[in-house]
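Trainee: My questions are about this predicted structure, shown below with the sequence.
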Amino acid sequence: MNNFIFENSTKVYFGKGCVKEYLDWLTGNYGENIMLCYGTGSIKNNGIYQEVTAILKSAGKNIFEFFDIMANPTYEKVLEGAKFAKENQIDLILGVGGGSVMDCCKAISIAAQYKGDIWEDFWIRRGKFDFEPLPLGVIVTVTGTGSECNGGAVITNKKEKVKMGRDYPQCNPKFALMDPTYTYSVSKFQMVSGSFDTLSHIMEIYFSEPDEDNVSDDIAEALMRSVICNLRAAIRNPKDYTARSNLMWSATMAENRIIKLGKRTDFACHQMEHQLGAYTDCNHGAGLAVLQPVYYRHIYKDGLVKFKRFAIHVWEVSTEGKNDEEIARAGVEALAAFIKEIGLPTTLQELGIDKTIDLKKIADSCGTISSGYKKMTQQEILQIFQECVS
Ligand code: NZQ
Ligand code: ZN
């Protein structure tokens, strides 16, 4: 394995009833003013808002609500949140939602404590933390990104047309409450898209050096098999607690830095999807579903050993009568078939993107990443986008 430093400061409280059991006690460690952040209203329809606010009120907290955090949160929303936090002398940010809410909260936690421009200093450049971000706690309501257990925040700067993530350990939530029953009300589309995002994170890590035996790859394979099997179970029965809890924890495991240890990691596909998102505001997991098999058809020959292993260990591809290249390719096609099976889009048009869109502009806005098996050129990125057109 390559050298590494491991750190994860988020304390996780996982399981049915964890919010009722721990939220009161956890918020007791902070002052009176809680900034309750949420999205566009799902938590009011499924009762989570009512449960959380009742606990906070009975704990004697002052609740300051900051809401309408959109999917693919914008830098403007972050600045609005930072202003709100400063005006109300917030002691703790409590994000209730999915990746979008959690990411927005992390960026707010920096911006509320910083005088400069956080986009310039912490997203474009990697600024130094000589201050403490506002403390953040999260309650997860939709799984997939793993944002609850890392310092990553993916923010869209609409003016610049850039969607970019940065992972600062200082931004790890202080605590994460994860009740799988909170995810029962998530739509099938979002459940599938979030789970594909998890699968994508694992693949982006797995498909990079080293290729010799290492613990991270072994865990990654187990996680991929778990996501595939539990997603099928949750599609059959959305209230299958075992399936939902496994999906929830797999999402965290994929992005809590554990399977990244000793790995170079790729994330080229994420980079392409983020820029597609910056231009079209498409759904993150669904965008990845369109791009990932096409991207892998471009690179599998450069990472043949690992792609062959993926085909056999994850998809149980039969090796009989096939050479290494055919086995590896069969693994990529098994992934593509799975995407169809779970009902995610397979073309840009199915993703809702108009055929007239300027794909060259989007391709040119993507950075090129050299840590995977093959460094894409801008021309090849464009080719990948073009192959996603139906
Ligand atoms: O707006 P609300 O009311 O929150 O509704 C959301 C939203 O419409 C809904 N939802 C959430 N919980 C629900 C629910 N609906 C019914 N019942 C519930 N219990 O689901 C929709 C999607 O929510 P969102 O938070 O946008 O989804 P997700 O968790 O997939 O987050 C996506 C964002 O995270 C970023 C993505 O790029 C995207 O901006 N990512 C963050 C990462 C990280 N921080 O580590 C890594 C990822 O690669 C990713 O880039
Ligand atoms: Zn992702």
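Mentor: Ah, there it is. Numbers count the residues shown, from 1 in each chain. Ligands and ions are numbered 1, 2, ... in the order given.

Trainee: CA only for contacts and neighbour counts going forward, please
Mentor: Fine.

Trainee: how close does the residue nearest to residue 32 when sequence neighbours are not counted get to residue 43?
Mentor: The spatial neighbour of residue 32 that comes closest, neighbours along the chain excluded (C-alpha to C-alpha, 6 or more residues apart in numbering), is residue 61 at 4.9 Å. According to C-alpha to C-alpha, to the nearest Å, residue 61 and residue 43 sit 19 Å apart.

Trainee: same thing with residue 154?
Mentor: The spacing between residue 154 and residue 43, counted by C-alpha to C-alpha, is 22 Å.

Trainee: okay, those two: which has more neighbours?
Mentor: Applying other C-alpha atoms under 10 Å to residue 154 and residue 43 shows that residue 154 carries more neighbours, namely 24 against 19.

Trainee: can you pull the contacts of that one?
Mentor: Counting by C-alpha atoms under 8 Å, 6 or more residues apart in numbering, residue 154 touches 72, 73, 100, 103, 104, 163, 164, 165, 166.

Trainee: So what does residue 94 look like in phi/psi?
Mentor: Backbone dihedrals for residue 94, given as degrees, to the nearest 10, come out at phi -120, psi 110.

Trainee: Is it bridged to anything, and to what?
Mentor: residue 36, residue 137 (DSSP bridges).

Trainee: Name the residues that touch stretch 383-390?
Mentor: Contacts of stretch 383-390 with the rest of the structure, by C-alpha under 8 Å, 6+ apart, involve 290, 291, 294, 295, 346, 347, 348, 349, 355, 359, 363.

Trainee: Just name the closest of these to ligand 1, please.
Mentor: Nearest to ligand 1 out of the contacts of stretch 383-390 is residue 291 (C-alpha to the nearest ligand atom; 13.6 Å).

Trainee: count of neighbours near the closest residue to ligand 1 within the stretch 251-390 of the chain?
Mentor: Closest contact between the stretch 251-390 of the chain and ligand 1, by C-alpha to the nearest ligand atom, is at residue 284 (5.3 Å). Look at residue 284: counted by other C-alpha under 10 Å, it has 21 neighbours.

Trainee: How about residue 247?
Mentor: Residues lying near residue 247 (other C-alpha under 10 Å) number 27.

Trainee: Dump the C-alpha coordinates for the helix or strand hosting it into CSV.
Mentor: Using DSSP states H and E, residue 247 sits in helix 241-255. Extracted in CSV, the C-alpha atoms of helix 241-255 (Å, rounded to 0.1, in the frame of the first residue of the first chain):
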residue,chain,number,x,y,z
TYR,A,241,-34.8,-2.0,6.9
THR,A,242,-31.9,-4.3,6.2
ALA,A,243,-31.5,-3.1,2.7
ARG,A,244,-31.9,0.6,3.6
SER,A,245,-29.5,0.4,6.5
ASN,A,246,-26.8,-1.4,4.3
LEU,A,247,-27.2,1.2,1.6
MET,A,248,-26.9,4.0,4.1
TRP,A,249,-23.7,2.6,5.7
SER,A,250,-22.1,1.6,2.3
ALA,A,251,-22.5,5.2,1.2
THR,A,252,-20.7,6.4,4.3
MET,A,253,-18.0,3.7,4.0
ALA,A,254,-17.4,4.7,0.3
GLU,A,255,-16.6,8.3,1.3
